[in-house]
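[1] Pasting a predicted model and its sequence here:
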There are 2 protein chains.
Amino acid sequence: MNSFWNEYPKLQLELDEVTKLIENSVKDSHNFITSAVEDTIHSGGKMLRPALVILGSKFGNEPKNSILNLAAIVEMLHVATLIHDDIIDESKLRRGIESVQSKYGKDSAVFIGDYLFAKLFTLMSKDFHQETMVEMSKVIMRICQGELIQYSFRYKYNSSIMHYLKIITGKTASLFSLSLYIGSEESNADETVKKLLAKTGYRIGMAFQIIDDCLDYSSKNIIKKSTMNDLKQGYLTLPVIYALQNDRKGYLENLLKNGTFTKNESDNIHALVVENKGLEKSRELALKYTNKAYDSMNKLPDCESKETIKFIIDKLLIRDY
Amino acid sequence: MNSFWNEYPKLQLELDEVTKLIENSVKDSHNFITSAVEDTIHSGGKMLRPALVILGSKFGNEPKNSILNLAAIVEMLHVATLIHDDIIDESKLRRGIESVQSKYGKDSAVFIGDYLFAKLFTLMSKDFHQETMVEMSKVIMRICQGELIQYSFRYKYNSSIMHYLKIITGKTASLFSLSLYIGSEESNADETVKKLLAKTGYRIGMAFQIIDDCLDYSSKNIIKKSTMNDLKQGYLTLPVIYALQNDRKGYLENLLKNGTFTKNESDNIHALVVENKGLEKSRELALKYTNKAYDSMNKLPDCESKETIKFIIDKLLIRDY
C-alpha cells in the first residue's frame, strides 16, 4: 500500500477494508477478472477516490454503514476505466507493473472492464440511493465523452484550452467530484454541503490533472517516455497547447508533425514548450484551481474530514512541478 | 428495416418506435456516439431482442406504458456488446456495413460501447424494477465471462461441448432469455409464466446460435470468410468441436494448427468437419434445443404473443442448415 495516508491510520484501515471488499466482490468470477483486479488494486495506488467517498460521508447527518462498499464500487469504476484506457494507449505498464491488456490481451481487457462496469451496477442497486447511481452513470458517460473529444482532437495543433479542460473534466475531475459528492449524498448531508463537496472535488481533480501533465515536462530537458508516446499519437496536453499558442513561427508544430522524434528533437520540443511559456502558464492555471479548491473547502463545516481534505490539497497540489 | 416482421405490422410499428427512442436517447451525445448508434440500428437487424421484450410484457397482469423504453434499452445493450465484440474480432464489417471500430477507430469503439452501457443504466434507473436492473447487469457479466472463456480456449483442440455451451449461453442465449423475462417482470406476470418465458428465451437463443454456427459450414465445400478468420485465431465452434472428437488420426487438428489456410486446405477442413459428423451432430443438438423451446412455449397461456413466439421459433429455428 502507498504511504500517502501514513498520518491517517484510521482512514488507512478503512481503505484496507475497501481493498478486501473489492477482492471479495470478484472472487467468484473468471480467473482473468480476479487476477486483473488483484494486480491493479495491489499496484500501490493512493486509493484517492475511495478515500474521498469516505471523507465526504463524514459530512452527513446520518452515518451510512455501507459506505465502505460504496467506496469499493467507486474504486472498481476507476479500475475499469484504467483497464479500458490502457487498451487505447497500448500501455505495457501501469504503475510500473504489466497492464491488463498487455498481460491478458486486448480482447480480455475489453471484457474485464465491461464486467466490472456491470458488477458495480449490481452492487450499486442493493443499498444506495437512486441519485447515487444516476450520478455515477453520468460520470461514466462524461469520462467516455472526454475520451472521444480527446480522440477527435488528435493532430489538431490549434486545439483550444476549452477542449483540454473538457477532456480532463471527464478524465479526472468528474470522478473526484463524484466521490466526495456521493459520500455525502448517502449520509444525507445538507444540500449546500453536498454542492460544496462536489465543487471541491472537481477543483482538486482539475488541478491534479494539470499538475500531472506539467510534471511530464518538468525535469530538465527530458520528456517522459509516456508523453513522447502521447505526442507521437497526436495527443496534446496543456503545456504543449499553451506553447503552441505562442509558437508564432510554427517551430513546435513542425516538430510535432514529424510523428517520430530523435533524442535531439525531443530536447527541442522540451525547450520550445518551456520557452513559449507552456509550462509557466499551465502552472498558473493549476494554481488557480488549487486556490479555488481551498476556497470551497474552507466553506465546509469544521470537522476532522475537512482537515484531511486540506491535507490532500496540500500534499497533492502544492508540489514542485 | 428487416422484412422479418411483415406479418406482424403492429409489432413492426412498435419496433419502429423503439428505433426512434434509441435515436433520441443518444442525440445529445458526442457525434461519434450518435452516428455509431444510428449506423448500427439502421443496418437492417431483425430487432429480435426488443421484440422479445414487447412480447414478454403481454403476458403480464398489468400492462406497462414504458415497455418500449425497456425494449430500447435492451437493444442498446445489444448494440454496445456488438461494438465491443467487433474490436476483438477486428471486424471490418457488421451486417455488411463498416463496423464502428473500423470507421471510428478502436479507441473510440471502446468508449462508445462504455458510454452506451452507462446510458442504459441511467435510463434503466428511471422507471423500472430493481430486479430488472440486477438481471440486466448479470447478463452483461455473463456475456463478458462467456467471452473470456472463449478467449482462454483459443487453440485448445480438445475444447469440450460444455465450454462451447457456456460460451454461447453468454454470447446469445442469456440476452434472449433476459428479454422475454424482463418484459414479463415489468408487467407483473405470474412467477410460473416469467420462468417459462426465461426458459423459452434461453432455448431459442441456444438453438439460434448453434444453427448460426452450422450455417458457416453448410454450403458445399465453402467455409465463410468470417469463420476462416475465427479458425485462424483459434476460435472453434460446435461443428469443429464435434468433428475433432471423431478426428482420431488428428488430420483436422493438424490442418487447424497451421494457422493459415490455402483454398485446398479450407476445402479439406470443410470435408473433415462433414465427414466426422461435426455438422450432423450439431444439427441434432440444435433440434433438441428447438424442441425444448417449443415445449416451454406450449406451456404458456394462450394469447397473441404466444402465437408470435411460435412464429419466431418456426422462422428462426426451422431452417435448412
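    The structure has been received and is ready for your questions.
[2] Which helix runs longest in chain A?
    The longest helix of chain A (DSSP state H) is helix A:100-127.
[3] Would you indicate which residues of stretch A:52-64 are buried?
    By neighbour count with 16 or more other Cβ atoms under 10 Å in any protein chain shown, stretch A:52-64 contains the buried residues A:52-60, A:64. In short, each C-beta sits where N, CA and C put it, glycine included.
[4] between these, which is nearest residue A:127?
    residue A:64 (8.7 Å; Cβ to Cβ).
[5] pLDDT score for that closest one?
    Per-residue confidence (pLDDT) for residue A:64: 89.
[6] ok, now the one 5 residues further on?
    Residue A:69 carries a pLDDT value of 97.
[7] Please determine how far it is located from chain B.
    16 Å (Cβ to the nearest Cβ, to the nearest Å).
[8] Residue A:285 - nearest residue in space that isn't next to it in sequence?
    The shortest distance from residue A:285 to any non-neighbouring residue, by Cβ to Cβ, 6 or more residues apart in numbering or on different chains, is to residue A:210 (5.9 Å).
[9] The one you found is in what secondary structure piece?
    Assigned by DSSP states H and E, residue A:210 belongs to helix A:191-215.
[10] contacting residues for residue A:268?
    A:251, A:255 (Cβ atoms under 8 Å, 6 or more residues apart in numbering or on different chains).
[11] mind checking how far the host helix or strand of it is from the chain centre?
    Using DSSP H and E, residue A:268 maps to helix A:263-275. Taking Cα atoms, centre = their mean, to the nearest Å, one finds the center of helix A:263-275 at 27 Å from the center of the full chain.
[12] Could you pull up the mean pLDDT of it?
    91.
[13] Tell me how many other residues surround residue A:24.
    When neighbours are counted by other Cβ atoms under 10 Å in any protein chain shown, residue A:24 registers 10.
[14] same deal with residue A:6?
    So residue A:6, with other Cβ under 10 Å, has 9 neighbours.
[15] quick one, phi/psi of it?
    Note on residue A:6: its backbone torsions stand at phi -50, psi -40 [degrees, to the nearest 10].
[16] what's the spacing between the closest residue to it other than its chain neighbours and residue A:308?
    Of all residues not flanking residue A:6 in the chain, residue A:12 sits nearest, at 7.5 Å (Cβ to Cβ, 6+ apart). Residue A:12 sits 11 Å away from residue A:308, taking Cβ to Cβ, to the nearest Å as the criterion.
[17] Mind listing what's buried along the helix holding residue A:210?
    A:193-194, A:196-211, A:213-214.
[18] pLDDT averaged over that helix - what is it?
    Mean predicted lDDT for helix A:191-215 stands at 97.
[19] same deal with stretch A:162-173?
    94.
[20] and stretch A:41-61, what's its mean pLDDT?
    Mean predicted lDDT for stretch A:41-61 stands at 93.
[21] Also stretch A:127-144?
    91.
[22] ok, and what's touching that stretch?
    A:66, A:69-70, A:73-74, A:77, A:81, A:117, A:120-121, A:124-125, A:169-171, A:174-175, A:178, A:181-182, A:185-186, B:29-30, B:33, B:111-112, B:114-115, B:117-119, B:121-122, B:125.
[23] quick one on the thing from earlier: only C-alpha atoms, please: export the one helix or strand the residue nearest to residue A:6 maps to in CSV.
    Residue A:12 belongs to helix A:9-26 when assigned by DSSP H and E. The C-alpha trace of helix A:9-26 is given here as CSV (Å, rounded to 0.1, in the frame of the first residue of the first chain):
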residue,chain,number,x,y,z
PRO,A,9,-4.1,5.4,10.3
LYS,A,10,-7.9,5.2,10.7
LEU,A,11,-8.5,6.1,7.1
GLN,A,12,-5.8,3.7,6.1
LEU,A,13,-7.6,0.9,7.9
GLU,A,14,-10.8,1.8,6.2
LEU,A,15,-9.1,1.7,2.8
ASP,A,16,-7.6,-1.7,3.6
GLU,A,17,-11.1,-2.8,4.2
VAL,A,18,-12.2,-1.3,0.9
THR,A,19,-9.4,-3.4,-0.8
LYS,A,20,-10.8,-6.5,0.8
LEU,A,21,-14.3,-5.7,-0.3
ILE,A,22,-13.2,-5.3,-3.9
GLU,A,23,-11.3,-8.6,-3.8
ASN,A,24,-14.4,-10.3,-2.4
SER,A,25,-16.7,-9.0,-4.9
VAL,A,26,-14.8,-10.5,-7.9
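[24] so how far is the first residue of stretch A:150-162 from its last?
    With Cα to Cα, to the nearest Å applied, stretch A:150-162 spans 12 Å between its terminal residues.
[25] and what of stretch A:295-310?
    11 Å.
[26] re earlier: which secondary structure elements does the helix holding residue A:12 contact?
    Secondary-structure packing of helix A:9-26 (3 or more Cβ pairs under 8 Å, 6 or more residues apart in numbering or on different chains; DSSP states H and E): helix A:31-41, helix A:48-57, helix A:67-89, helix A:100-127.
[27] Tell me the spacing between residue A:122 and chain B.
    4 Å.
[28] May I have the secondary structure class of the closest residue in space to that residue that isn't next to it in sequence?
    What sits nearest to residue A:122 in space, not counting adjacent residues and going by Cβ to Cβ, 6+ apart, is residue B:137, at 4.1 Å. Assigned with DSSP: H, G, I helix; E, B strand; the rest coil, residue B:137 falls in the helix class.
[29] how many neighbours does residue B:137 have?
    Neighbours of residue B:137 using other Cβ under 10 Å come to 22.
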